[in-house]
Each structure stands twice: as C-alpha cells, then as structure tokens.
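Engineer: I'd like to go over a predicted model; first the sequence, then the structure.
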Amino acid sequence: VAIVVMSFCVVGEIFTPQLLPLIVDFSQGGEPFLNLTVKLTRIMFFQCFFMCLIGISMGILQSYKNFIPSSLGSIAYNFVMIIVGIMLYKAGLGIAGFSLGVVTGAFVDFLIQAIPIAKSEFKYQKGLDLHHPGVRKFFRLFGPMLLGVSVSQLNLIVNKYFGTTVGESVLSQMQNAQSIMQLPINILGYSIAVSIFPTMVEHYSKGMVQNYKQDISNGIRSVMFLTLPASFGIIAVAKELIRALYLQGKFTTENMLSLSDILIFYAIGIVGYSIRQVLLQGFYAVSETKTPVKINIFILCLNMILSFIFVRVAGALGLGFAYSLAGLTSMALLMFFLKRKVEDYHGDEIRDAFIKIAASTVVMFVVIKGLSFLLEHVLPMERKIYQFLDLIILIGVGVLVYILMAFILKMKELTSVTDVLKRKFLHR
C-alpha cells in the first residue's frame, strides 16, 4: 500500500499543474493563483505519504486494541502543525510555512504510531503472499472501504469546484467552514466508529449476532448523543465562534457574518456524516461491501446535482446545504439497507434515544441563544479577550445544560459514550 501511495504522490508531484485545473477553476485568480496553488500542493503531497504510513500503523496498533497512540498522534499532529506553521511563517516563508507545518505534523504523528509498534510483538516480514486469505480479503475490501472513507472528502472536492464559480474570497470562507465542521466528525464520529469496529468483527465472527446488533445500536446512539448537540451548538455560536477566531486584520465584520452563515449550513450535516461512519463499519464487519459502494456512488452523484442546482440559487450557502443534505441522505440509506441486511438492530432504542437527545439539544440551544443575547449587552465585544471569553462561557454553559438534561432524562448513552471514549483514549 505504501509503495502504491508513494507512486501516486510522485505522479502528483510531476503533474500537479495539469491535475489542479480539473478540480479548481483558476479563471478568476489567474496565473499567480495557479502557481501558488501548485507550489503548496507539491509540498502537501509529502503529507499524503506520511498519512498513508499513519493509517497502516494505526491498523497494526488497533489489531492489538491499542488506541492510545492514534489519539496522542492526532493531538500532536494539530499542535505541531500550528506551531511549526507559525514559526516558518514568521521566518519569511509565508503561507508555504503552514504547508510545511502540516507535513511536519504528519511526520510527528507517524513517529508516535511507529514507536509502540517497534516495541510490540509485531514483526515485519518481507515478501507478499497474494494467495494468503488475509491478503485476498484485504484487496477485496480495500476499494469499497476506500470509497466509503473518501466519500465525504470527495463531496468536499465537488463543493470546492463549484465554489470557485462563486468567488475566490467565498471559496476561502467555504474552506474555513468545512474545516470547522469536520472537527466533530473526525474527533467524535470517526473515533467511536473505529473503536467499536474490532468488537463488531469479533462478535459477528463468533456467531454472536445479537451482540453485533447491539454494537451497532450503541455506536449510533453514542455518536448521535455527541454530534447532534455539537451540530446545533455550532449553529448556536456560529457568529461568536467566527468572531473570536477570525475577526482581525483584513477579516471584516461582513466577512464574519458571511462565514458564520456558511458554517451554519455545513453544520447541519455533521450528524449524517458522523453516524454514517458507524453504519459503514457495520457493513464491513460482515464483509458486505457492494451495498456501501452503490450508496456512496449515488451520494457522490447526488451531491454533484444538488451543488449544481443550489449554487445557482443561494451561492455558497447552497453548496453548504447540498453537502449536508448529501450526508444526511447517505446516513438514511445506509441505515435502511443495513437493517435489511441484518434485520432489526434495536431500532426502538435508537428512536427513544433520538427523542431524548433532540429534546436536550433544543433546551441547550435555547439557553445558549438567550445567554448569547445577554452577553452581547454586557461584555465589550470589541476586545479579542472578551470575544473568547464570550465563546468559552457559551460553550461551557451549553455543555453543562446538555449533561444536566441527560441526567434528568436518564439517558444511558452518557455512560455508553464514557465507556467508548475510555477504550479509545485511555485503552481501558
């Protein structure tokens, strides 16, 4: 896999100027915009190779049910990326410094994964037995799983392509909104899906089908318990979040309001893209790949059609809504066909949990909006420190209200989420 990815990276390095126009419209930015993009993309291809090594290392560690390095690696990746990026930017490398920061962060992430592997019982053996059952199963599942994991990123590429027709400044705002909405998906949705996958496989392979179904139910409810309030929380504090993070320098109040509106439409899809991660693992645990592939291809086509329509109706807001609608549709289709595949996976539990989670989320949303209105008239928001204080207070109160509602409504998902996160981050 590493050799194949390295080959793709080399091809990408060579043909970057020819490949980029296929996904980005450079007609408005001109040749300077193209040259800068080519330069940054060529730097970022090194990150792609390290991310491949990280993925392989995570797979090895997770086979030993060791999730700590992947958690620490993700934190180190973001920390190193920011610190190195700022240092190189101030050293005179400009925006390229942040690209080099991304590459450095990926390298550090890989080292964090590689060190425990070297200390484990894992032994690398040269050679490739193409007739080994495990190897054959890998190649059979590789393509469908790759498409399943990549569909959200491919949808973002479609969004960016249509976004170039709206304007360069709007495209930048879309990318910022996408980065923010991807955080809960990757940190919450993907983490929980990955942590329960080995258990799903173990239960199904041992004929413990009811336990496997319970795993699916627990996974869906746990992700929903975290991402539904995260989605509406981001919607509730969109303006405050963007103001604290971006309102400075050439970033105007008008830019802040525009970006916060775009973020709201992208945040709608957080739940869909998060829960689909669990559903995909449910299919893969029973070695079913055809159905997810068909659904993913349909979703890609649907996103293209919706983006083409909505960008003409509402511009960047329409693209955000198209992306979110595609994610929610993907979740609905995966739930429907997985239920047909394995019959019922405790749908009553999921429905009851959704009602309680939705009710708690509504209460949290109302409290946040009311408090936000109050703080706007109390704190001097022209100072950056009070902008962050405002954001921290809103998030903190929102979390406390939601947890309180979870206790009042006796939601067992609170315990389930705690157990899953302990397995993921503390290896307990």
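Structural biologist: All right, it came through fine.
Engineer: Run a quick check on L394 versus K369, I expect a contact.
Structural biologist: No - contact criterion C-beta atoms under 8 Å: L394 and K369 do not qualify, at 9.2 Å. (Glycine included, C-beta is placed from N, CA and C.)
Engineer: what do the two both touch?
Structural biologist: Contact with both L394 and K369 is made by residues A236, according to C-beta atoms under 8 Å, 6 or more residues apart in numbering.
Engineer: Show me which of the two is the more surrounded one.
Structural biologist: Using other C-beta atoms under 10 Å, the more surrounded residue of L394 and K369 is L394, with 21 against 15.
Engineer: Assign a three-state SS to that one, would you?
Structural biologist: helix (DSSP: H, G, I helix; E, B strand; the rest coil).
Engineer: quick one: contacts for it?
Structural biologist: Counting by C-beta under 8 Å, 6+ apart, L394 touches A236, V237, E240, I368, L371, S372, L375.
Engineer: Serialize those residues to a markdown table and add fields for neighbour count and secondary structure.
Structural biologist: Putting the contacts of L394 into a markdown table (neighbours: other C-beta atoms under 10 Å; DSSP: H, G, I helix; E, B strand; the rest coil) gives the following:
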| residue | neighbour count | secondary structure |
| --- | --- | --- |
| A236 | 25 | helix |
| V237 | 22 | coil |
| E240 | 24 | helix |
| I368 | 23 | helix |
| L371 | 17 | helix |
| S372 | 19 | helix |
| L375 | 18 | helix |
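Engineer: closest to S71 among those residues?
Structural biologist: Ranked by distance to S71 (C-beta to C-beta), the contacts of L394 are led by V237 at 25.6 Å.
Engineer: Now that closest one. Nearest residue, chain neighbours left out?
Structural biologist: Once flanking residues are discounted, V237 sits nearest to L394: 5.1 Å by C-beta to C-beta, 6 or more residues apart in numbering.
Engineer: what separates that neighbour from L263, distance-wise?
Structural biologist: Per C-beta to C-beta, to the nearest Å, L394 is found 15 Å from L263.
Engineer: and K250, backbone torsions?
Structural biologist: phi -80, psi 0 (degrees, to the nearest 10).
Engineer: where does it land on pLDDT?
Structural biologist: Looking at K250, its pLDDT reads 79.
Engineer: Could you count how many residues lie near it?
Structural biologist: 5.
Engineer: how close does it get to E240?
Structural biologist: 20 Å.
Engineer: which stretches of the stretch 301-428 of the chain have low pLDDT?
Structural biologist: 416-428 (pLDDT under 70).
Engineer: cutoff 90 now
Structural biologist: The model of the stretch 301-428 of the chain has pLDDT under 90 over residues 301, 303-304, 307, 311-316, 340-348, 377-384, 407, 410-428.
Engineer: any chance you could map the helices in the stretch 1-150 of the chain?
Structural biologist: 2-14, 16-19, 30-63, 68-88, 96-119, 133-163 (DSSP state H, counting those that start in this stretch).
Engineer: The stretch 151-300 of the chain too?
Structural biologist: Under DSSP H, counting those that start in this stretch, the stretch 151-300 of the chain gives helices at 168-184, 191-205, 209-236, 238-246, 253-267, 270-285, 290-314.
Engineer: Deepest-packed of these, please.
Structural biologist: helix 270-285 (a mean of 26; mean count of other C-beta atoms under 10 Å).
Engineer: helices or strands up against that one?
Structural biologist: helix 133-163, helix 168-184, helix 191-205, helix 209-236, helix 290-314, helix 316-342 (3 or more C-beta pairs under 8 Å, 6 or more residues apart in numbering; DSSP states H and E).
Engineer: Count the neighbours of Q113 for me.
Structural biologist: 22.
Engineer: Check the one 5 residues further on too.
Structural biologist: When counting by other C-beta under 10 Å, one arrives at 8 neighbours for A118.
Engineer: ok, now how distant is it from L375?
Structural biologist: 51 Å.
Engineer: In contact with A359, which residues?
Structural biologist: By C-beta under 8 Å, 6+ apart, the residues touching A359 are M405, L409.
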